[in-house]
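Visitor: curious how this folds, go ahead:
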Amino acid sequence: MVKHVEVARSAGVQLASPQRFELPELSGISREQVDVHLKLYEGYVTALNGLRKIEADLSHDVEKNALALDGARRRCVFEFNGARMHELYFSQWEHKAAGLAPGGNLGTALAHQFGSIAAWEDEFRMVAKTRGIGWTVLHFDRDHDMFLNVWVDEHHIGQHAGLPIVLVMDMWEHAYMVDYTPAEKADYVDAFFRNLNWSVMDARFAKLR
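Guide: The predicted structure is shown next:
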């Protein structure tokens with residue numbers, strides 16, 4: 001699997017390469033939906049690379065281009081987060097679905113905080129019902145040894161600074177509109193959970209302990 005890393009330089013600018021994912025056939029999520037979504041993800045990487053080049057060009061005269069540089073820097077955050085969040089999202093479905101082990105480190109920790117894994121999932125799904133476009137995110141706060149189920153508007157508004165992501169669910173309409181209407185969003189959430197390979201999230205969590 002090719003990771004999203006800095007792989008090239010153009011006039012001194014580091015450029016990103018889209019990650020490739022080993023995705024199986026998914027239950028309740030069509031190949032067409034996946035293909036449309038992957039193209040959108042690749043668009044974030046392309047936009048990020050373009051903005052990095054623009055920022056480098058504008059930096060040749062910082063005083064003259066100060067306002068344009070401000071705009072480019074802010075947009076870079078949006079495109080970078082868009083790319084990175086999608087990489088976390090798609091990697092959660094790689095290879096094949098596998099359930100969360102109740103006795104594993106992640107399952108045990110979730111049950112300890114929320115009372116049960118089912119209670120955690122109920123809260124996560126409730127957060128997913130937040131109106132608007134964005135992401136439902138399971139963070140882990142290492143400083144306080146606790147999980148947070150949060151809503152993140154777009155990609156960059158509402159991010160909890162410094163908190164790593166254990167699980168992320170895309171709730172932009174582009175994530176499900178090929179297969180489901182907005183009124184059927186809950187069916188998409190069901191399909192999202194049905195296809196998760198929890199060994200990916202277990203591995204993320206293991207790196208945090």
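Visitor: pick out the residue nearest the middle of the chain.
Guide: Closest residue to the average C-alpha location of the chain: M85 at 2.3 Å, with Cα atoms, centre = their mean.
Visitor: quickly list what A98 is bridged to.
Guide: N197 (DSSP bridges).
Visitor: the domain parsing of this structure - what is it?
Guide: What the record gives for the chain is the domain set 6-91, 105-206, from automatic domain parsing.
Visitor: lowest-confidence stretch among those domains?
Guide: When the domains of the chain are compared on mean pLDDT, domain 6-91 scores lowest, with a mean of 87.
Visitor: ok, the residue nearest to the centre of the chain touching D170?
Guide: Yes - shown here, M85 and D170 form a contact pair, counting by Cβ atoms under 8 Å, at 7.3 Å. Every C-beta, even on glycine, is put in place using the N, C-alpha and C of the backbone.
Visitor: and of the domains of the chain, who's closest to A98?
Guide: Nearest to A98, of all those, is domain 105-206, at 4.9 Å by Cβ to Cβ.
Visitor: does L138 sit in a helix, a strand or a coil?
Guide: Of the three states, L138 takes strand under DSSP: H, G, I helix; E, B strand; the rest coil.
Visitor: what about it, how many residues nearby?
Guide: For L138, the count of nearby residues is 24 (other Cβ atoms under 10 Å).
Visitor: excluding residues flanking it in the chain, which one is nearest it?
Guide: Distance criterion Cβ to Cβ, 6 or more residues apart in numbering; nearest residue to L138, sequence neighbours excluded, is L167 at 4.0 Å.
Visitor: and if you look at R209?
Guide: For R209, ignoring the flanking residues on the chain, the nearest one in space by Cβ to Cβ, 6+ apart is N105 at 6.6 Å.
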